[in-house]
Structures are given as structure tokens and as C-alpha cells.
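Enquirer: Below are the sequence and a predicted model for it; my questions follow.
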Protein chains: 2
Amino acid sequence: MTTRRTGLREQKKQATRVALREAALRLALQYGPENVRVDDIAEAAGVSPRTYNNYFSSREQAIVAAVTAEREERIAAAVADRPAHDRLADALADAIVEQYTEPDDHDVLLLITENPSLRDAFLDTAATLEHPLADAIAQRLGDTAGTLTARVLAATVAAAVRAALHQWLQPPAAPCATGGLVVPSGSLPDLLRSALAALAPALDAADKLQDVQTG
Amino acid sequence: MTTRRTGLREQKKQATRVALREAALRLALQYGPENVRVDDIAEAAGVSPRTYNNYFSSREQAIVAAVTAEREERIAAAVADRPAHDRLADALADAIVEQYTEPDDHDVLLLITENPSLRDAFLDTAATLEHPLADAIAQRLGDTAGTLTARVLAATVAAAVRAALHQWLQPPAAPCATGGLVVPSGSLPDLLRSALAALAPALDAADKLQDVQTG
DNA sequence: AGTAAAACATGCGTGCGCGCAAGTTTGCGT
DNA sequence: ACGCAAACTTGCGCGCACGCATGTTTTACT
């Protein structure tokens, strides 16, 4: 049972969501993000403009949604697939870096990088990591640890990813490098690993706690 | 302005109606009318079974609707296209006979003829002639004649057509031929013309009345 | 024939998409 | 700088489709 809602209603809802996403991305790539109106996306998706805003609350959301679609699910799945004896911190870092460096997305990420209005929307998508990640972490920690722990860790990881993306999207004009724990303005994988390294102690603590209880 | 409702809502409604019609006909031709369930039609149309019965109140209606789809509109258009100086009775008869003898429909009409449950549903479709025909007749008579006259004539014509179809669908086993005004058990065109001939006096009367008024 | 199962048809509550009418933001021309 | 028009976003009501539960009819099996 992967998806509980197998109803025809839910199918069609997801279908229009995907149609909107793909139409938005296609039009943005073809005409440039600034030359695409909400009405155009809605029409291309065969849907009312009002319905567009029932799914996405801003014009940019649909475009970035197409880019980050299912990335969250892939990350959660990748976390779940790591060997159980791996450190949680490593599993998370590996899965996240792996999924944020898909070569397929590279040209599209450029599109986002170059458009300031898309950047903000893109950063917001990091929040969507939280729920699937919470499930994956909870499963990894086992039911013995409270759900709260998993949720908190997922939230902090998502925040860290968001911060890394934020740093990465900054134009490299800023000199930065304050000598803190996080080394800024590097490649995206480095930024992600650095950001997550700061969380390693918390992740290790939860991880060890779980080891004691189970074994 | 052919269609006033150009809204997206109406478009999609007609789309699902057409999808149901065509799915029903396709399945009926492929597997036989008795081996097609409502659920199959609905699924083929990408729609809930409940929705099927929002459009068609019986299993057979969708099948026959596909056969008679837009025939009513074609008849009304054909009536409107006849020269204005033609007798109304002739215009009606010609238009109706013409549209009920489309060679494309012939194999499908056989399907209906051979299935008793489809025959009843098919006869009911004659009633759908009434509204478009009323408009065509009203336009032909001009606004001087009351709308009521046009409606009454349209209703009687539709009833006559229904009677002719009813007669035509009867297996020729019945001896009939009672010497009345209507000669039964002939070809469909003959039956239609005979049935409409009985209405000619009424049609002529309305026609002449209109000629007097318009001068 | 009689009963069980399947298919058909309908009432009713709910959710989603549409259409309209605001109010707000953005960009352009004067 | 100022308005003005286009585009964006949201609130609200309505209509259509869905899902379910019910009652009825048809079919199949013994």
C-alpha cells in the first residue's frame, strides 16, 4: 500500500497538479519565466486560472514545483535504503547530496538561479522535505523513539538544507568566510555537507539512543 | 453565436458526455451490447460509474446516444437550410429522411435493431428532436406566429418520427396493412414520409398563415 | 423454483473546479 | 511623479463529479 487514497478523485487531483507543474516548467523554459502568465499555464494545463491558485499560491511555485517534484520522496526513499548500521548523519547527508546533484536538473537549476523571483520560491520548497523526511527518520529510529524526535530532526535537517541552498544561490560577490563551522560559497555538495555537519552531534545522539534501546 | 455557453465548465461537461457516448458505442460494437457493463463504460471514459448515471439514466442510453448524437442538430440545420419558399411539410420531410438514411449509420442501426433492449432506448431519442426542431420551425415561421405553434408542430413531428421508427423496428412478421393513411412495414424513408404525410395539412395551415401575414 | 450473487439505478453528503468580483501588486506610458 | 492598465491573488457561491449506501432488477447456479 504505497498510496492509500486510490480513489478516482485523488487521481484526478494529482493529474491536474502534475499538468500544472509540467505546463509551467515547459512554458518557462520555452519563453522565459518572466513571459509566462498564470493564465497561460492554466490554459496549457486545461484548467481554470482560479484552479491554478488552488494548487499554487504564487506564479513561481508551479515552476519550481516541477523542478523539485518528487525530490523529497526520492530523498526519503534514499534515506530508508541506506544500511541500518550506517550513522544517521551519514545516511542523511549521502541521500540529500545524491538527490540534489541530479545531472538532469542542472540546466533547470540554472534557470532558477538566474531569476530572483524564482529563488525565493525555490527556497520555500526545502520545507516540503520535512514530512517525508520525518517518516523516513522515524522508521530508521524505530517506534521506540518518540515521533517528536523524528519530527524535530527532520525540521532541522530541512532548515539546514534550506540554509545551504540559500548560501549557494547568493551571488559569489559576498566575501563571507567568517571562520565559523560552515564554509560558505562552495559547490552545492560541499555546502550541503557542511550545513549537515553542524547537525551531526544531534543526529548521533538520537542514533545512539536508539542503538541502546534496540540492542 | 452557435453556442452561448463557452465556459470551461460547459466544455468539460460536453467532453465527458462525448467520452461516455463514444466509449459506450465502441465497447458495444466490440463485445456486443449485452457484454458491456456500466462500470466498463465509465472506466473507459475515465469517469465514475455514478457520473454515468448523471448523464444517462439507463445502460442503453449511452449507446444509442452515440448513434443519434447530433442527428437532431443536423435535422434542424437541414430544415433551416431549405429554401424559404418550400412548403414546410416538404422541408421537414426531406430533411428528416435525409438525416435518417446516413449510410455511415447503417451497420450501427443493425446493432440496435437486433437488440430489443436497445430498441426502446432508441425510440426515446426521437423525443430529443423536439427542441431543436421547434427552434428551426419557429425561425421558419417567423416571429409573427406564436412560439406555441412551432412547439406544437415540433412535438407532433417528433411523435410522427417516433411512430415511423417504431413501425420500422417491428419484425416484419406482423401482417398489418389495415388500409389506413399510413402504409406500414416499408423501407424507413417510405415509413417516415408516410407518417409525415398525415401531418401535412396541419403544417400547410401554419405555413399559409405565415405567408398571409408576411405578405 | 428458489436463492445467492452480480449488475443496475438512485438519494445524499462532500470535495474539487469554475466563474465572478473584489483588492493588491507590477509595469508602462505620459 | 502620477495615473493607468495589465497581471496577480484571494473570497465566495455554485455546479459537477465522486464515493457510499440503499433498493431494485437481472442473472446464474443448484
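Expert: Done, it's in.

Enquirer: Test for you: state the pLDDT assigned to the residue of chain A found nearest DNA strand D.
Expert: As assessed by C-beta to the nearest atom of the strand, DNA strand D sits closest to residue A:7 within chain A, at 2.6 Å. Any C-beta I mention is one placed from the backbone N, CA and C, and that applies to glycine too. Per-residue confidence (pLDDT) for residue A:7: 92.

Enquirer: per-residue pLDDT, the residue nearest to residue A:206 when sequence neighbours are not counted?
Expert: Distances taken as C-beta to C-beta, 6 or more residues apart in numbering or on different chains place residue A:149 nearest to residue A:206, at 5.6 Å, with adjacent residues excluded. Here, the pLDDT recorded for residue A:149 equals 93.

Enquirer: Pretty sure residue A:149 sits against residue A:142.
Expert: No - using C-beta atoms under 8 Å, residue A:149 is not in contact with residue A:142, being 10.7 Å away.

Enquirer: Spatially, what comes nearest to residue A:93 if we skip its sequence neighbours?
Expert: Residue A:93 sits nearest to residue A:196 (C-beta to C-beta, 6+ apart), 4.7 Å away.

Enquirer: Which stretches in chain A count as helices?
Expert: Using DSSP state H, the helices of chain A run over residues A:8-31, A:38-44, A:49-55, A:59-68, A:71-81, A:88-99, A:106-114, A:116-124, A:130-141, A:147-169, A:188-197, A:200-214.

Enquirer: Just confirm yes or no for the first one near chain B.
Expert: Just to be clear, that refers to helix A:8-31. Yes - applying C-beta under 8 Å from any C-beta of the partner chain, one finds helix A:8-31 touching chain B at residue A:8.

Enquirer: do the same with the third one
Expert: No - using C-beta under 8 Å from any C-beta as the criterion, no contacts between helix A:49-55 and chain B are found, and the smallest distance is 9.2 Å.

Enquirer: ok, now which ones touch residue A:92?
Expert: Taking C-beta atoms under 8 Å, 6 or more residues apart in numbering or on different chains, we find residue A:92 in contact with A:79, A:137, A:157, A:196, A:203.

Enquirer: For residue A:85, see how far away it is.
Expert: Separation of residue A:92 from residue A:85 (C-beta to C-beta, to the nearest Å): 15 Å.

Enquirer: How about residue A:52?
Expert: 46 Å.

Enquirer: Residue A:41 too?
Expert: 46 Å.

Enquirer: likewise residue A:27?
Expert: 47 Å.

Enquirer: next one: residue A:126
Expert: On the measure of C-beta to C-beta, residue A:126 and residue A:85 end up 28 Å apart.

Enquirer: same check, this time on residue A:118
Expert: 40 Å.

Enquirer: Could you check how many residues crowd around the closest residue to residue A:186 other than its chain neighbours?
Expert: Nearest residue to residue A:186 in three dimensions, chain neighbours excluded: residue A:194, at 7.4 Å (C-beta to C-beta, 6+ apart). Here the count is done by other C-beta atoms under 10 Å in any protein chain shown, and residue A:194 has 20 residues near it.

Enquirer: what do you get for residue A:34?
Expert: 10.

Enquirer: mind checking pLDDT for it?
Expert: 91.

Enquirer: Pretty sure it sits against residue A:115.
Expert: Yes - assessed by C-beta under 8 Å, residue A:34 is found in contact with residue A:115 at 7.4 Å.
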